[in-house]
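>>> got a predicted model here, sequence first, then my questions.
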Amino acid sequence: MNRWLTSALVAGALSVSLLGAAQGAEDAITAADAASLSQPMPRARIANDSFYFLMTDRYANGDPTNDGGTPDVAAGLASGGYKPTDIGYFHGGDFIGLTENLDRIKRMGFTAVWITPPFLQRAVQGNSAAYHGYWVLDFTKIDPHLGTEADFKGFVDKAKSLGLKVYLDIVMNHTADVIQYNGGNSFSSTPKPGAYIPTGLDNVRGPAFLNDLANYHNQGAISDWNNPLQYQNGDFNGLDDIKTENAAVVDGFARTFADWIVKYGLDGFRIDTAKHVDDAFFARWTAKLTEDVRQSKPDFAISTNFDMFGEIYDESAPVVARYVRNRSLPSALDFPMQKVIVDFSSGYGSAKEVADTLAWDDFYNVGSASSRIANAYSLPTFGGNHDMGRLANLLGADQDSTRKIKFATSLLFLTRGAPVVYYGDEVGMIGEAGDKAAREDMFPTQVTSWQKEERVGSAPIGRDSSLTAAALKHPLATYITTLNGLRAKYPALASGAFVLRSSRGNVLVWSKLDGTDRREFVVIANAGAAVKAKVVTSTPNAAFKGLLGTNRVFRASAKGLLTVQVPAQTTVVLRAGARLPATKAAPQLTVDVERFSGADGVLATAKGGKDPLTVTFAARTCPTCAWTRLGTDDATPFRLILGSEAFAGGDYLDVVAISRTSDDKIAAGAVTHVTAAALGVH
């Protein structure tokens, strides 16, 4: 997918170059085979979504009678914890309140609601409460602080009636803290012999497999967060670490979450702490989840019916991409882009740093090796969250920083992936830090400091509500509504082919290409002072009309060059008035196949083509074998990581690149032969 072979990739390095010789004409792929193998680069449903992420406890209180939970379940551990003046405790938000306020989310143009875990919690641990939803006791029940099963169903049904998808935050690497240790909580390389479940708490967790001590690692708390032995086997901040390599755990969680999907008609999951499970867990669990759901929904499939993304809290794109490509995580929150977007928007980073991160996009592409659709178009992009803090806080914003917040937000919506807006950002919430300090109330707050807290573009909220109709007129709310409207009206701005054009100084330029209408959109993001940007396009002699940031019309030269005035700290979106020009023929591309240490695999690169173009890679494992599609890329550099499965357990591999122009002309290049032995593939 992306775009330039930057210095970051060069440093990642082609450790061995093993280009095979191009074969003769007698070995060429037939035109019929090329036509049948060529395909558009697939998109998962999530690529067109935009998310509103909220904490149910902090959104709206529709039923004050449930604020204290209940002592009637889980040995009384699910009661208490309500202190609306304390930022670390329950404040009263619930599903009735959320349901009553879903319309405002729809009015802003969002397509999906992502909520924090709704499961029954251990209400209080230490000096805080489980208002956030991550201290689960029972994954089969709704937490009583949030309401009843009927309340939850009412929320889902209302969301569906509004055309909003519902994504549930789930946890599978830990539960609430129940297990205790004799001899201290420090991490041990082996299970602690003194681990035990206190008397009376033997059956407080659900489903039943979670009450078995053998389904936990019992090795104590993580102290070295960079050590895989610790972050996969240790207790996350004291929470009981589940043994996700156990078949009972894989099967149990598959059955549990299949029931949620079937019972409520959910659309997707966000998977908390996904970095902390067993390496093989997601491949095993997603397969079993699909199998279990199909018992009730025979046509169910991940990617086509349901979307999931996990939390890999890491700023390295190669690291996050490995979880998607090698460990079967369907998609991942885009922490690498979060970092560079914040740096670029705040003035501390450059356009090149954003481009360097985007250059790793190809390495999220799993190709056609499995039935799942995974690539960078599926990555949820975000600026801040409930852990690290709000976007405004990370940008060092104040009341007069509306332009800066708008600029950063535009990058979330207009690069690639599914944008996520954290609740309250649309009304200018800043927060003083991350974690508890970034989890303000939308309904009238009783926290004194939050009543006085400065907001971007508006005065402190005082004792008023942020859920009023007037609050939706906030300049950030109206800008978000505009961005959502553009993505809805012009789907290419959501999931069209992403072509990076340039990254110089404070200016990042890219095109989004509509494969159906054959129309080009140009986006110019200027993080600095006003500038006259020179932009290369694929639509010569066309008039480009401003859709965002300007209403002017600019004309491209005969060579496709645009000159555009872009105001300071502004993103401009332009739409071509003409379709992409017709082509005479598709180019015949050559293929390099190289060992690539930066991605733990073999990299195939098609050379000789330029945007706009779609390239499908195909292979065969013997001279007379049938050709198989490996995967597709839709922007330069045209690349695909090949897994060992491409060789089908043998040593022989022919690879060919099939190009398709925007007007559907197809051509196959010369065949390249490589061997697994020469590439070091085992």
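Now that the structure is in, tell me what you want to look at.

>>> run a quick neighbour tally on Pro540.
A count of nearby residues for Pro540, using other C-beta atoms under 10 Å, gives 15. Heads up, the C-betas are built off the backbone N, CA and C, glycines and all.

>>> residues in contact with it?
556-560, 581 (C-beta atoms under 8 Å, 6 or more residues apart in numbering).

>>> may I ask which of these has the most neighbours?
Tallying neighbours with other C-beta under 10 Å puts Ala556 at the head of those, with 25 neighbours.

>>> one step back: ok, the contacts of Pro540 vs Tyr59, which is closest?
For the contacts of Pro540, the residue nearest Tyr59 by C-beta to C-beta is Ala556; the value is 46.2 Å.

>>> how close does the closest one sit to Leu500?
Per C-beta to C-beta, to the nearest Å, Ala556 is found 18 Å from Leu500.

>>> check the offset of the helix or strand where Ile261 lies from the chain's centre.
Per DSSP states H and E: Ile261 is located in helix 247-264. The chain centroid and the centroid of helix 247-264 are separated by 22 Å under C-alpha atoms, centre = their mean, to the nearest Å.

>>> tell me which residues in that helix are buried?
By 16 or more other C-beta atoms under 10 Å, the buried positions in helix 247-264 come out as 249-262, 264.

>>> picking up where we left off before, make CSV out of the contacts of Pro540 and add secondary structure and pLDDT.
Output for those, formatted as CSV (DSSP: H, G, I helix; E, B strand; the rest coil; pLDDT from 0 to 100):
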residue, secondary structure, pLDDT
Ala556, coil, 98
Ser557, coil, 98
Ala558, coil, 97
Lys559, coil, 97
Gly560, coil, 97
Pro581, coil, 97
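
>>> returning to what we had before: from the buried residues of helix 247-264, pick the one nearest Lys297.
Distance to Lys297, by C-beta to C-beta, is smallest for Val262 among those, at 6.6 Å.

>>> OK, contacts around that closest one?
Contacts for Val262 (C-beta under 8 Å, 6+ apart) come out as 293, 296-297.

>>> most neighbours among those, please name it.
Of all these, Val293 has the most neighbours under the rule other C-beta under 10 Å, reaching 24 neighbours.

>>> that residue: which element?
Using DSSP H and E, Val293 sits in helix 281-294.

>>> one step back: save the contacts of Pro540 as JSON lines, and put in distance to Asp314 too.
What follows is the contacts of Pro540, written out as JSON lines (distance: C-beta to C-beta, whole Å):
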{"residue": "Ala556", "distance to Asp314": "40"}
{"residue": "Ser557", "distance to Asp314": "43"}
{"residue": "Ala558", "distance to Asp314": "46"}
{"residue": "Lys559", "distance to Asp314": "41"}
{"residue": "Gly560", "distance to Asp314": "38"}
{"residue": "Pro581", "distance to Asp314": "42"}
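
>>> ok, these vs Val340, which is closest?
Using C-beta to C-beta, the shortest approach to Val340 within those belongs to Gly560, at 27.6 Å.

>>> show me what contacts the closest one?
If you count contacts by C-beta under 8 Å, 6+ apart, Gly560 has them with 536-540.

>>> what stretches of the stretch 501-650 of the chain score poorly on pLDDT?
Segments of the stretch 501-650 of the chain classed as low confidence (criterion: pLDDT under 70) are 598-600.

>>> mind doing that once more with 80?
Under the criterion pLDDT under 80, the flagged ranges of the stretch 501-650 of the chain are 597-601, 644.

>>> break down it into its helices, ranges please.
In the stretch 501-650 of the chain, no helices are defined using DSSP state H, counting those that start in this stretch.

>>> mind listing the strands for it?
Along the stretch 501-650 of the chain, counting by DSSP state E, counting those that start in this stretch, strands occupy 507-514, 519-526, 531-536, 543-548, 553-555, 561-566, 570-576, 590-596, 601-607, 614-620, 628-633, 638-642.

>>> which one of these lies nearest to Gly97?
With C-beta to C-beta as the measure, strand 543-548 is the member of the strands of the stretch 501-650 of the chain nearest Gly97 (33.6 Å).

>>> got the buried residues for that closest one?
Under 16+ other C-beta under 10 Å, the buried positions of strand 543-548 are 544, 547-548.

>>> again with stretch 641-653
Across stretch 641-653, burial judged by 16+ other C-beta under 10 Å covers 641-643, 646-647, 652-653.

>>> is Val572 bridged to anything, and to what?
Per DSSP bridges, the residues bridged to Val572 are Ile524.

>>> residues in contact with it?
523-524, 526, 546, 548-550, 564, 566.

>>> let's have these in TSV, adding distance to Asp49.
TSV is the format used below for those (distance: C-beta to C-beta, whole Å):
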residue	distance to Asp49
Val523	19
Ile524	25
Asn526	27
Gly546	26
Leu548	20
Gly549	24
Thr550	27
Val564	29
Val566	28
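
>>> closest one of the residues you listed to Val171?
Of all these, Val523 has the smallest distance to Val171: 36.3 Å, by C-beta to C-beta.

>>> residues near Ala150, how many?
Ala150 is flanked by 11 other residues according to other C-beta under 10 Å.

>>> okay, the angle between the one helix or strand it maps to and helix 247-264?
Under the criterion of DSSP H and E, Ala150 resides in helix 149-161. With axes from the mean of the first three to the mean of the last three C-alpha atoms, to 10 degrees defining the directions, helix 149-161 sits at 70 degrees from helix 247-264.

>>> which helices and strands sit right next to helix 149-161?
When contacts are defined as 3 or more C-beta pairs under 8 Å, 6 or more residues apart in numbering; DSSP states H and E, helix 149-161 sits against helix 95-100, helix 102-107, strand 136-142, strand 165-171, helix 247-264.

>>> how much space between Trp260 and Trp135?
According to C-beta to C-beta, Trp260 and Trp135 sit 18 Å apart.
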